[in-house]
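**Q** Give me the fold of what follows.
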Amino acid sequence: MKYWELEIDGEHIRAAWNESATFNMQAPFGGQWVDHHCFTVYGIETEYEALECIMEMIQEEIQEGS
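**A** Here you go, the predicted model:
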C-alpha cells in the first residue's frame, strides 16, 4: 500500500492506493484512519499516476459539493 496524507480545505485526509486499481480515502476518527470513500481506476502504473487520480477525485468532490 502507498499512502499520501493531505490537508484539503482544513481537513486532514489520507489516500491509500493498493498499487493496483483500488483507492481508499480515509479520515481520522477516534485515533484510527477510517475509509469514507473508495474507488477503482484501472491501468495505473506509477505513484505519480495514482496521485493524479486522487487529486482529480478530490477536485470532483469539491466541485460537486459547491
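
**Q** Could I get the full set of helices for this structure?
**A** 47-65 (DSSP state H).

**Q** how many other residues sit next to residue 4?
**A** Look at residue 4: counted by other CB atoms under 10 Å, it has 14 neighbours. C-betas here are computed from N, CA, C, even on glycine.

**Q** Quick check: the gap between it and residue 12.
**A** 12 Å (CB to CB, to the nearest Å).

**Q** quick one: contacts of stretch 51-65?
**A** 4, 6, 8, 9, 15, 17, 23, 25, 37, 39, 41, 44 (CB atoms under 8 Å, 6 or more residues apart in numbering).

**Q** Now with 7 Å, please.
**A** Applying CB atoms under 7 Å, 6 or more residues apart in numbering, the set of residues contacting stretch 51-65 from outside is 4, 8, 15, 23, 39, 41, 44.

**Q** In this structure the last one contacts residue 23, no?
**A** No. Taking contacts as CB atoms under 7 Å, residue 44 lies outside contact range of residue 23: 8.8 Å.

**Q** Correct me if wrong: residue 15 contacts residue 27.
**A** No. Judged on CB under 7 Å, residue 15 makes no contact with residue 27 at a distance of 10.8 Å.

**Q** Between the two, which is the more surrounded one?
**A** Between residue 15 and residue 27, counting by other CB under 10 Å, residue 15 is the more crowded of the two (21 against 14).
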